[in-house]
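Colleague: fold the following and give me the result.
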Amino acid sequence: MGDRSEENEVRQGGRGEKVADWVDGRLGGFGRIRAKAHRAAFPDHWSFLLGEICLYSFIVLIVTGVYLTLYFHPSMNEVRYNGSYAPLKGQMVSEAFDSTLHISFDVRGGLLIRQAHHWAALVFVGAILAHMMRVFFTGAFRKPRELNWLFGFLLLILGMFGGLTGYDLPDDLLSGTGLAVVNGTILSVPIVGTYLSMFLFGGEFPGGDLVARFNTIHVLIIPALLVALLTAHLILMIRHKHMQYPGSGRSNKNVVGLPLKVRAVKSAGFFFLVSGVIFVVAAIAQINPIWLYGPHRADQVSAGSQPDWYMGVADGLLRVMPGWEITFWGHTLALDNLIPLTAGVGLFLALGVYPFIESWVTGDDREQHLLDRPRNRPVRTALGVAWISFYLVAVIGAANDIIATRFHVSVESVTWAVRLGLFVVPFTAYVVTKRCALGLQRRDREQTLHGRETGVIKRLPHGEFVEVHEPLSQEKLHLLTQHEQYRPIDPGPVDNASGAGTRRARRLRVRLSRGFYGEGTQITKPTAQEYKKIAGEHTH
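Modeller: Have a look, this model is predicted:
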């Protein structure tokens, strides 16, 4: 009996194994998933941490949000404030504003949790955008990961709207100023704008149901969608595995990285690091002090009001747009709101659909599991930098009044500088980035053919001084030459039987293909014959 018990203990393993066996016996297939995960390798690179920052800051958001929900009252009914903040005692405020002050001054740890929640939201959206830029510049959105790119894009949009709805819940003067801007933008939408505004605010702005409705959106709808998207995103990532950076021994058919246990330990430590940084920042850096702004009043506007950085692009476009209006069929179109709204939506839609445009242009339907070096895709890299530069210029426009007062210049001068910058800066950034990428490609070609500069100067018999070059290692040569260079699509013969739409689409595809991979868009990498010829000359 003793031997049999010992045998059972050995076979069953530890408590964790027992739990896993229990789940496998009732759900089925868990053992196979667990075995597959144990065999999996996870590429290790610092840029992959950006995605983990998104996940861990979201966990901080959920935990702190649950805590705040216990004390927050989402109502716009007026009450008399009798809390600890003396300057506002006796004033009529909404229950939302009153409960937010109660959290900040009377609940133990409330202000820390509230600020950690706000900082975590900023980190969450910032990490998503940085993660998407990493995916964009390295081509990690290619087949079979297009759907995962869309999930990440929707996470970014939902994160922005989650921040907007949460920012407006305290019902303070700053959030009310932002809501007035939101209302004006909604009203500029032709035909349906008025109905949308009435539905959102529960009547004429500011209405009486806004906080309750935004609270439902912020606490229930958006978090549920975020959890669903994050879950789908992680499932697809596990299904397709991480893409890996090119290097020795790495190909589209294998994955080189850390085992699951090692990766899990590192991720756990990184979770505590991210959480700790958020709480340290929340403890020492004040954010959104609503007691300084006071309660919202529709007849007042908070001077120097600034939105959170991720909504700055929308506010900046609104601020620098001239006050244009036109009358069309008896209706007034507020172009000063409609055009910035269209431009902002177009900016993000361009980011969302780009992978499908590139796939259509290249015609490459193969699965890709190796990342690109940004220099090897000059046009894509230049487009990404131009997108970021447009975003940053618009964010600067959102602070035109602050810049004017701090630097003692007229606000009109700042506004005009931003207006010009929205056109000049992205174009300049595109040209400069493309030239830099081509220059790096040219340097890679020279290093491949002639080797690395050693800094050693040698004098030849006839008196000429030359620098000695050292041949590159096989690993370095592989890194510099492993990438594939696409060729522009051949126009081919025009099929008169096809429709006009098909012919136009074909011509557009050919033009885009030339723009991406035609003459002047990439430096031809050395062929094996060129390398052998140069190597033979060096040998002789």
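Colleague: and residue 69, how many neighbours does it have?
Modeller: 12 (other Cβ atoms under 10 Å). In short, each C-beta sits where N, CA and C put it, glycine included.
Colleague: any idea of the pLDDT on the residue nearest to it when sequence neighbours are not counted?
Modeller: Among residues not flanking residue 69 along the chain, residue 219 sits closest, at 6.1 Å (Cβ to Cβ, 6 or more residues apart in numbering). Listed pLDDT for residue 219 reads 94.
Colleague: low-confidence ranges, this structure, go.
Modeller: Filtered on pLDDT under 70, the chain yields the residue ranges 1-17, 20, 22-40, 302-304, 492-501, 535-540.
Colleague: mind running it again at 50?
Modeller: Where the chain drops to pLDDT under 50, the residues are 1-2, 4-12.
Colleague: so which residue is dead centre in it?
Modeller: residue 129 (1.5 Å; Cα atoms, centre = their mean).
Colleague: who's in contact with that one?
Modeller: Residues near residue 129 by Cβ atoms under 8 Å, 6 or more residues apart in numbering: 156, 310.
Colleague: what strand or helix carries it?
Modeller: helix 110-138 (DSSP states H and E).
Colleague: all strands for the stretch 401-540 of the chain, in order.
Modeller: Secondary structure of the stretch 401-540 of the chain by DSSP state E, counting those that start in this stretch: the strands cover 452-459, 465-470.
Colleague: could you dump those to a markdown table with mean neighbour count and distance to residue 198?
Modeller: As requested, the strands of the stretch 401-540 of the chain are exported to a markdown table (neighbours: other Cβ atoms under 10 Å; distance: least, Cβ to Cβ, whole Å):
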| stretch | mean neighbour count | distance to residue 198 |
| --- | --- | --- |
| strand 452-459 | 10 | 68 |
| strand 465-470 | 12 | 73 |
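Colleague: make JSON lines from those and add distance to residue 484 to it.
Modeller: Shown next, in JSON lines, are the strands of the stretch 401-540 of the chain (distance: least, Cβ to Cβ, whole Å):
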{"stretch": "strand 452-459", "distance to residue 484": "24"}
{"stretch": "strand 465-470", "distance to residue 484": "27"}
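Colleague: out of those, which comes closest to residue 233?
Modeller: strand 452-459 (40.7 Å; Cβ to Cβ).
Colleague: how far out from the middle of the chain is that closest one?
Modeller: Relative to its chain's centre, strand 452-459 lies at 44 Å (Cα atoms, centre = their mean, to the nearest Å).
Colleague: what lies in contact with it?
Modeller: Residues from elsewhere that reach strand 452-459, judged by Cβ under 8 Å, 6+ apart: 465, 466, 467, 468, 469, 470, 471, 472.
Colleague: roughly how far apart are the residue nearest to the centre of the chain and residue 140?
Modeller: As judged by Cβ to Cβ, to the nearest Å, residue 129 and residue 140 stand 15 Å apart.
Colleague: same question, residue 131
Modeller: Residue 131 is 10 Å from residue 140, by Cβ to Cβ.
Colleague: what's the answer for residue 451, then?
Modeller: 31 Å.
Colleague: neighbour count: those two, which is higher?
Modeller: residue 140 (24 against 18).
Colleague: secondary structure element for the more buried one?
Modeller: Judged by DSSP H and E, residue 140 forms part of no helix or strand.
Colleague: need the contact list for it.
Modeller: Counting by Cβ under 8 Å, 6+ apart, residue 140 has contacts 134, 243, 371.
Colleague: where do the helices sit along the stretch 101-250 of the chain?
Modeller: For the stretch 101-250 of the chain, the helices defined by DSSP state H, counting those that start in this stretch cover 110-138, 146-167, 173-187, 193-201, 210-216, 222-240.
Colleague: for those, give me JSON lines that also has distance to residue 440.
Modeller: Below are these laid out as JSON lines (distance: least, Cβ to Cβ, whole Å):
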{"stretch": "helix 110-138", "distance to residue 440": "13"}
{"stretch": "helix 146-167", "distance to residue 440": "25"}
{"stretch": "helix 173-187", "distance to residue 440": "42"}
{"stretch": "helix 193-201", "distance to residue 440": "48"}
{"stretch": "helix 210-216", "distance to residue 440": "47"}
{"stretch": "helix 222-240", "distance to residue 440": "29"}
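Colleague: between the ones you listed, which one is closest to residue 305.
Modeller: Using Cβ to Cβ, the helices of the stretch 101-250 of the chain put helix 173-187 closest to residue 305, at 4.6 Å.
Colleague: pull the distance from that closest one to the chain's centre.
Modeller: On Cα atoms, centre = their mean, the centre of helix 173-187 falls 25 Å from that of its chain.
Colleague: ok, stretch 233-243 next?
Modeller: For stretch 233-243, the distance to the chain centre is 18 Å (Cα atoms, centre = their mean).
Colleague: with stretch 234-250 instead?
Modeller: 19 Å.
Colleague: closest one of the contacts of residue 140 to residue 331?
Modeller: Closest to residue 331, out of all of the contacts of residue 140 and judged by Cβ to Cβ, is residue 134, at 44.7 Å.
Colleague: now for the closest one: which residues touch it?
Modeller: Per Cβ under 8 Å, 6+ apart, neighbours of residue 134: 47, 50, 140.
Colleague: other SSEs contacting the host helix or strand of the second one?
Modeller: Assigned by DSSP H and E, residue 50 falls within helix 49-69. Counting contacts by 3 or more Cβ pairs under 8 Å, 6 or more residues apart in numbering; DSSP states H and E, helix 49-69 packs against helix 110-138, helix 222-240, helix 260-284.
Colleague: list the contacts of it.
Modeller: Residues from elsewhere that reach helix 49-69 (Cβ under 8 Å, 6+ apart): 103, 110, 113-114, 116-117, 120-121, 123-124, 127-128, 130-131, 134, 155, 219, 223, 226, 230, 234, 267, 270-271, 274-275, 278.
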